[in-house]
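Trainee: Need a 3D model of the sequence below.
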Amino acid sequence: MKTYDKNKELIIKILLSALIGTVVGVLIFAFKCGAEFLYNSSDRIFSFTEKNFECLPIVILGVIFLSYLSYILLKREPYARGGGIPVAEGLVRNNITFSPFKVGSKAFLSSYVSYFGGLPLGSEGPAVLLGSCVGSGFNKIIKNKTDNALVKAGSACAFSAVTGAPIAGVFFIEEEMHDGGSFKKLVCVITAIAFSCLTSVLLCLVFDKTFAMFGYDFVEVIPIKYYYLAVICGLIAGVLSYLFTKLFTFCNGFSIKKLKKVPLFIKLLICFLVCAVLSVFVHGARGNGHHLIESIELRELNYKILITVLFAKLLMLCFVGGSGASGGIFIPLLALGSLLGGLLGECCIAFGVSETVYAGLIGAVTVAFLAGAQHSPLTALFFSIEAMGGLKNAPFTMITILIAFLVVKLFKNKPIYDLLFENLTYKK
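Mentor: Model (predicted):
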């Protein structure tokens, strides 16, 4: 009888996970389309202002309005602030509780404000938070207060749908949430991912959209004689991802702990203004970095532009980290890794390395930087294979990721999302 009850419970959870995956697939597809429209609209406005400086005061006024709008949405919902993934982690681990609808809706809207304002933030963080809110909502409907399997499933399928990387989604939820998973939870996660990705693919076919985050069909195989570069690039990516994690979480923690008397509106206003000005004067620094990554892979930017954009991105992310603005840092981490990879690639070519390794090397450094910051080597590897055409150079990428991961472990640094969650739950 007990076995029958357990099997019945598992079947119900699987059916609910399928329903959650379908709902999340529709929701994330709509969210991505809206985010893409706002990114493109923001880019057009800043491009026009770059050529017509007399319009800059109008843009500044618009940015002030957006910062106030963001403040209105976030002032009473602290869990809607920031990247979204740290909050989803807390929800999966049962460390925090909140109203799924209130937090989810305000994170949805406030992240849209961030995208339109030119902040260098991605859609993956709010998407994961939305997925966890859907799972939490289903838990409330069935009056389940202890089992977090549906919340975990919602988070995982949202990540897979927004990145177009279903296998990476499985490893993401295990590496990032690390809440002591079970077979039942894993089945729920895989079911939700399957249905969310299927739903997203069908919607992409209907509306002529692309499911994959990136479309890399030009990456060439790196010859074995250049595999020593994997060690060098891994060491550099590991050290710099450690330094970036320290810098970003310091800005975030300093704002929360030391500048707690500064009004949220002032923090948001400064962040929006700094990002707007840099977006006008540094073209490559605009947005979340998605198009920047593709431009670097195609070697459309020289080393001077790469350095300028790298410093502009770092400055923008420092202000964003201390502001509380909604938006993810997964894609910005990829953008920073890609900028680093571009610079390393240019250095290698300058020292006589074949240009054919350029795209493959950038892809490896990009995900190695991500793995170092997040402490998620498997997520980074499978994301590279699924979303960045990394299968051709999987051994090279694996070595680069492993070296970067070992470096951050030697520094005894915590994952960036864990540090952000600690700051989020800091008792004032």
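
Trainee: burial of the residue nearest to residue 235 when sequence neighbours are not counted, as a residue count?
Mentor: Spatial nearest neighbour of residue 235, chain neighbours left out: residue 403 (5.8 Å); criterion: C-beta to C-beta, 6 or more residues apart in numbering. For the C-beta atoms, the positions are set from N, CA and C on the backbone; glycine is no exception. For residue 403, the tally of surrounding residues (other C-beta atoms under 10 Å) stands at 21.

Trainee: Does residue 403 touch residue 236 like I think?
Mentor: No. Residue 403 is not in contact with residue 236 according to C-beta atoms under 8 Å; the separation is 9.3 Å.

Trainee: where are the low-confidence patches of this structure?
Mentor: When the per-residue scores of the chain are filtered using pLDDT under 70, the ranges that remain are 1-6, 145-146, 178-181, 215-218, 425-428.

Trainee: Report the central residue of it.
Mentor: The centroid of the chain falls nearest to residue 330 when counting by C-alpha atoms, centre = their mean (2.0 Å).

Trainee: dump the residue contacts of that residue.
Mentor: Under the criterion of C-beta atoms under 8 Å, 6 or more residues apart in numbering, the neighbours of residue 330 are 83, 85, 122, 124-125, 163, 370.

Trainee: Quick check: PyMOL command selecting the buried ones in those.
Mentor: Selection of the buried residues among those in PyMOL, burial being defined by 16 or more other C-beta atoms under 10 Å:
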select buried, resi 83+85+122+124+125+163+370
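
Trainee: C-terminal to the strand or helix carrying residue 199, which secondary structure element comes first?
Mentor: Here residue 199 is covered by helix 183-207, with elements defined by DSSP states H and E. Per DSSP H and E, the first helix or strand lying C-terminal to helix 183-207 is helix 228-257.

Trainee: on that earlier part again, residues contacting the residue nearest to residue 235?
Mentor: 230-231, 233-235, 237-238, 368.

Trainee: so what are the domain limits for the protein?
Mentor: In terms of domains, the chain is parsed into 2-207, 224-424 (source: automatic domain parsing).

Trainee: Identify whichever of those domains lies nearest to residue 214.
Mentor: Between residue 214 and the domains of the chain, the tightest spacing by C-beta to C-beta is seen for domain 224-424, at 5.4 Å.

Trainee: Surely residue 384 touches residue 397?
Mentor: Yes. Under the criterion of C-beta under 8 Å, residue 384 makes contact with residue 397 at 5.3 Å.

Trainee: Backbone dihedrals for residue 122, both of them.
Mentor: Dihedral pair for residue 122: phi -100, psi 180, per degrees, to the nearest 10.

Trainee: excluding its backbone neighbours, what's nearest it?
Mentor: Distances taken as C-beta to C-beta, 6+ apart place residue 331 nearest to residue 122, at 3.3 Å, with adjacent residues excluded.

Trainee: what helix or strand is the one you found on?
Mentor: Residue 331 belongs to helix 330-350, assigned by DSSP H and E.

Trainee: Same list, the domains of the chain, but as TSV with distance to residue 214 please.
Mentor: TSV is the format used below for these (distance: least, C-beta to C-beta, whole Å):
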stretch	distance to residue 214
domain 2-207	8
domain 224-424	5
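
Trainee: OK, contacts around the closest residue to residue 78 other than its chain neighbours?
Mentor: Across the structure, with C-beta to C-beta, 6+ apart as the measure, the residue nearest residue 78 apart from its sequence neighbours is residue 424 (7.4 Å). Each residue near residue 424 by C-beta under 8 Å, 6+ apart is listed here: 78-79, 81-82, 86-87, 90, 256.

Trainee: among those, which two are most distant?
Mentor: Farthest-apart pair in those is 90 and 256; separation 15.0 Å (C-beta to C-beta).

Trainee: Look at the two and report which has more neighbours.
Mentor: Neighbour count, other C-beta under 10 Å: between residue 90 and residue 256, residue 256 has more, with 22 against 19.

Trainee: Would you confirm that that one contacts residue 421?
Mentor: No. No contact is recorded between residue 256 and residue 421 when judged using C-beta under 8 Å, the distance being 11.8 Å.

Trainee: Could you look up the SS state of residue 261?
Mentor: coil (DSSP: H, G, I helix; E, B strand; the rest coil).

Trainee: So what's the residue count around it?
Mentor: Neighbour count for residue 261, taken as other C-beta under 10 Å: 6.

Trainee: next one: residue 350
Mentor: Going by other C-beta under 10 Å, the residues that sit close to residue 350 add up to 9.

Trainee: Make 435 the first number, not 1, from now on.
Mentor: Renumbered: residue one is now 435, and that last one reads residue 784.

Trainee: What separation do you get for it and residue 745?
Mentor: Applying C-beta to C-beta, to the nearest Å, the value for residue 784 to residue 745 is 20 Å.

Trainee: Using PDB, write out every CA atom in stretch 523-530.
Mentor: Output for stretch 523-530, consisting of C-alpha atoms alone and laid out as PDB, is shown next (Å, rounded to 0.1, in the frame of the first residue of the first chain):
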ATOM      1  CA  GLU A 523      17.800  29.700  -4.700                       C
ATOM      2  CA  GLY A 524      16.400  30.900  -1.300                       C
ATOM      3  CA  LEU A 525      12.900  29.700  -2.300                       C
ATOM      4  CA  VAL A 526      14.100  26.300  -3.400                       C
ATOM      5  CA  ARG A 527      16.100  25.800  -0.200                       C
ATOM      6  CA  ASN A 528      13.100  27.000   1.900                       C
ATOM      7  CA  ASN A 529      15.200  29.800   3.300                       C
ATOM      8  CA  ILE A 530      12.700  32.500   2.300                       C
END
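
Trainee: chain center to that stretch, what's the gap?
Mentor: Mean-position distance between stretch 523-530 and its chain equals 19 Å (C-alpha atoms, centre = their mean, to the nearest Å).
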